[in-house]
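[1] give the three-dimensional model of this entry:
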Amino acid sequence: MREFLKKGTAAVFRYVFILILAMALGLFCLVAAYIIPLSNQSGNVLESVRILEEEGWYPVIPYIQKFTGVFGSYQESPGILDNYTDELMIQTSVVNPEGNYLRAAMIPSYPRYWGGFVAVLRPVLCIFDYGEIRMLNILLQMFLVVVLAMQLYKRKGKVWCFWILSIYALLTPYVLGLSLQNSCIFYISICGTIALLWKESFFEKENKYLYLFFVLGILTAYFDFLTYPLLVWALPLTIWIVISNQKRLVDYLKEILLTGICWAFGYAGMWAGKWVLAGMVLHMNLSDILLERIELHSIYGGTDISFFENLSNNLGKWINAQTICVLFLWCIWFWMMSVKHKGMLHIGKSIPFSIIACGSIAWYFVMRYHTNMHSFFTHRLLSVTLCAILAACICMMEDEQDKSVISAKTGRILIVAVLFVSVFITLQCKQELNSHNGSIPPQNILLEEGSFITETIVPKHSYVKDFGVGLIADEGEGEYLIEIYEGNDLLIEKAIPFSETTEGGIFTIPIEKKIKEKELTVCITTQKSKDAKGYVYIAEGQYVVSECSEVLMDDNALGGQLTQWISYIGLPGGKECFNYFLMIIGIVMVLCADGYFIANVFWMKNR
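    Predicted coordinates for the structure are as follows:
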């Protein structure tokens, strides 16, 4: 016991020493970068700013579509370039420290983050502009993926080479290459995995791989803007389990727990260390800001979004061509291999991979506010789940050293059952579907008492959740009366006082009903008003809500649309359903393998 405590205390001191050294080295690199002379009027900086201003904050690719200012318009695509953050990174990198290098290093544009990118980006901007940096970024990422693929090919065979290429494809590589802020996690996770394979025997001795995960956590906190950080833990850990042979389940569970603790403590320690250094160097008390940001980004952030809505929002960003193609090809491979092996499955590693796959789900639950608000880049956290699920399915077919086996007959029955269950679950998948007109710019239409504004809606789906209308009124007595008719029958009646609309905005009108008729009629009027006047938003919008007719004011046609959005609950489209089906097959397959493994263990114990 005494020897154990002695070793444990020595290990803790080593981790603390590494953390303190990393903090000092990180601060030194930032100060050294700011010492490099770089003006915000230099040619490379001006060209970089020009490119960013020309594209806008959130352009959509693979075809570069300039951001038009409509916040809702870009959220539906996975191909979003976060030029807003890239511009912030460049502006932070070219700050004139005015001789106070420590202050410039400790208080970047986002003071809650280290801003370690400055140590790399400021020197690079002395040589290249933003467009050239993008091209170098693409080439370097492709090079690192090829290096890792070659390592896996030599170590485990060609199927694992295709596995890492698939993970790269699922991360939307055209976005990674053109977006600096999305690249940091990619580099840390890929380089960490390359190092693990390169020096496998070194890291295996005396559990030295734990120090690697601790350092990876430190690097994540130093460079990342809270994009999809969990991949830095999951990718090298998945590979570590893949290359490990003839271990007990408890050994795998121990590795998952210890690597998770080391990565988390490295991340949290380095992140909190920024605040400690700021207090020591600049004599600033930043603890209140720290606690505020933790509360804001987490489950306690005050958002009313549910976990399932958040998960659905992020999952929806995976509905794209490369995801469908990659998962479909892997399903074909799995079917061919199951025929080759006559249904025999190796399931010894399915539970460890299942635990890793749940990591991103837990992150979405805890960081609900942040991941819902920034789903256009946090959806890449799901790569953790797909990374582990694909690895589990490959090991079921390829890991012949795994002695935990499902017999051929049972395996064939299991595979058929998985297909039927996956079809059933897919058909139960309901999600919120939206039609949105962009709402910019609105025109305020005066609605006199006794006058009516009406609009006919032909719903695209049978179950209508709600819709939004824009209202603004003067201060004073009065109210809007909003009536929804299904055919000739009054479906919904809602009164909104002027006092709730004086600042203006889009107001949600809940319906929550399955529509039997083909048409809904929205009718809005004002009543009980004295000196106050009520106005209604009529927006041309960037997009046309096709299910809405023209707006009528007392039977006179008005330009624009009254309904700002309509939300439905229903089955996704064909492409979305197929994408969900392909994901569900892998998840159900691994869960069935987990269940069989656990049941078999209990059965063996009770024989």
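[2] and the gap between the most centrally placed residue in the chain and His461?
    Centroid-nearest residue in the chain: Thr378, 1.7 Å away (criterion: C-alpha atoms, centre = their mean). Thr378 sits 27 Å away from His461, taking C-beta to C-beta, to the nearest Å as the criterion. Any C-beta I mention is one placed from the backbone N, CA and C, and that applies to glycine too.
[3] chain center to the host helix or strand of Met23: distance?
    Assigning secondary structure by DSSP states H and E places Met23 in helix 2-35. Distance of helix 2-35 from its chain centroid, counting by C-alpha atoms, centre = their mean, to the nearest Å, is 31 Å.
[4] any buried residues in it, and which?
    15, 18-19, 22-23, 26-27, 29-31, 33-34 (16 or more other C-beta atoms under 10 Å).
[5] show me where the stretch 101-250 of the chain has its helices.
    Secondary structure of the stretch 101-250 of the chain (DSSP state H, counting those that start in this stretch): helices located at 101-106, 118-125, 130-156, 158-170, 173-178, 183-198, 200-204, 209-223, 231-243, 249-282.
[6] buried residues, the shortest one. List them.
    By that I understand helix 200-204. For helix 200-204, by 16+ other C-beta under 10 Å, it's 200, 203.
[7] kindly export that helix (C-alpha atoms) in PDB.
    Taking C-alpha atoms only, helix 200-204 is exported to PDB below (Å, rounded to 0.1, in the frame of the first residue of the first chain):
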ATOM      1  CA  GLU A 200       3.700   2.300 -29.800                       C
ATOM      2  CA  SER A 201       6.300   0.300 -27.800                       C
ATOM      3  CA  PHE A 202       7.500   3.400 -25.900                       C
ATOM      4  CA  PHE A 203       4.000   4.500 -24.900                       C
ATOM      5  CA  GLU A 204       3.000   0.900 -23.900                       C
END
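[8] show residues contacting it.
    The contact list for helix 200-204, computed with C-beta atoms under 8 Å, 6 or more residues apart in numbering, reads 196, 208-209, 212, 243.
[9] cool, the fifth one as well?
    Counting by C-beta under 8 Å, 6+ apart, the neighbours of helix 173-178 from elsewhere in the structure are 61-62, 78-81, 134, 137-138, 141-142, 182-183, 186.
[10] could I get the residues you listed as TSV with neighbour count?
    TSV is the format used below for these (neighbours: other C-beta atoms under 10 Å):
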residue	neighbour count
Ile61	18
Pro62	13
Pro78	23
Gly79	20
Ile80	24
Leu81	29
Arg134	20
Asn137	18
Ile138	16
Gln141	19
Met142	13
Asn182	24
Ser183	22
Phe186	25
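[11] for those, which one is nearest Ile515?
    Among the contacts of helix 173-178, Pro78 lies closest to Ile515 (C-beta to C-beta), at 31.2 Å.
[12] helix or strand next in line after the helix or strand of the chain with the lowest mean pLDDT, which one?
    Lowest on mean pLDDT, DSSP states H and E among the helices and strands of the chain sits helix 287-297, with a mean of 57. Beyond helix 287-297 on the C-terminal side, the first helix or strand identified by DSSP H and E is helix 307-315.
[13] send the alpha carbons of that following helix over as PDB?
    C-alpha atoms of helix 307-315 as PDB (Å, rounded to 0.1, in the frame of the first residue of the first chain):
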ATOM      1  CA  PHE A 307     -31.400  17.300 -25.100                       C
ATOM      2  CA  PHE A 308     -33.200  15.500 -27.900                       C
ATOM      3  CA  GLU A 309     -33.900  18.700 -29.800                       C
ATOM      4  CA  ASN A 310     -30.200  19.600 -29.500                       C
ATOM      5  CA  LEU A 311     -29.100  16.100 -30.700                       C
ATOM      6  CA  SER A 312     -31.500  16.300 -33.600                       C
ATOM      7  CA  ASN A 313     -30.200  19.700 -34.600                       C
ATOM      8  CA  ASN A 314     -26.600  18.500 -34.700                       C
ATOM      9  CA  LEU A 315     -27.500  15.200 -36.300                       C
END
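[14] buried residues in that helix?
    For helix 307-315, the neighbour count (16+ other C-beta under 10 Å) marks 310-315 as buried.
[15] where does it sit relative to the chain's centre, distance-wise?
    Taking C-alpha atoms, centre = their mean, one finds helix 307-315 lying 10 Å from the centre of the chain it belongs to.
[16] list the buried residues for whatever helix or strand comes next after it?
    Using DSSP H and E, the helix or strand that follows helix 307-315 in sequence is helix 321-340. Neighbour-count burial for helix 321-340 flags 322-324, 326-327, 330-331, 334, 337-338 (criterion: 16+ other C-beta under 10 Å).
[17] the helix holding Met23 to helix 249-282, inter-axis angle?
    Per axes from the mean of the first three to the mean of the last three C-alpha atoms, to 10 degrees, the angle that helix 2-35 makes with helix 249-282 is 50 degrees.
[18] sec struct for the most far-flung residue of the chain relative to its centre, please.
    Using C-alpha atoms, centre = their mean, the residue of the chain lying farthest from its centre is Lys530. It sits 49.6 Å away. Here Lys530 is coil, with the state taken from DSSP: H, G, I helix; E, B strand; the rest coil.
[19] next one: the one 5 residues further on
    With three-state DSSP as the basis, the three-state label of Tyr535 is strand.
[20] quick check: which element contains the spatially closest residue to it that is not a sequence neighbour?
    Spatially, and ignoring its direct neighbours in sequence, Tyr535 is nearest to Asn444 (4.1 Å; C-beta to C-beta, 6 or more residues apart in numbering). Applying DSSP H and E as the criterion places Asn444 in strand 442-447.
[21] and after that strand, which helix or strand comes next?
    strand 453-457.
[22] name the residues that touch that following strand?
    Against strand 453-457 from outside (C-beta under 8 Å, 6+ apart): 445, 447, 467, 519-525, 536, 547-553, 558, 561-563, 566.
[23] and for stretch 13-20?
    By C-beta under 8 Å, 6+ apart, stretch 13-20 touches 211, 214-215, 218, 262, 265-266, 269-270, 273.
[24] before we move on, the earlier item: pLDDT of the strand holding Asn444, averaged?
    For strand 442-447, mean pLDDT rounds to 77.
[25] strands paired with it, and their directions?
    strand 534-539 (antiparallel) (DSSP bridges).
[26] mind showing which ranges of the stretch 151-300 of the chain have poor pLDDT?
    246, 281-300 (pLDDT under 70).
[27] if we can go back for a sec, so who does the residue nearest to Tyr535 touch?
    472, 535-538.
[28] how does it look with 10 Å?
    For Asn444, the contact set (C-beta atoms under 10 Å, 6 or more residues apart in numbering) comprises 470-472, 504, 534-538.
[29] just Leu471 next, same as before
    Leu471 is in contact with 444, 447, 480, 482, 496, 498, 500-502, 504-507, 524, 526, 534-537, counting by C-beta under 10 Å, 6+ apart.
[30] select only the buried ones of those residues in PyMOL?
    In PyMOL, this line selects whichever of the contacts of Leu471 come out buried by 16+ other C-beta under 10 Å:
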select buried, resi 447+480+482+496+498+501+507+524+526+534+535+536+537
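[31] confirm Val522 sits in a helix?
    No. Assessed with three-state DSSP, Val522 is strand; it does not lie in a helix.
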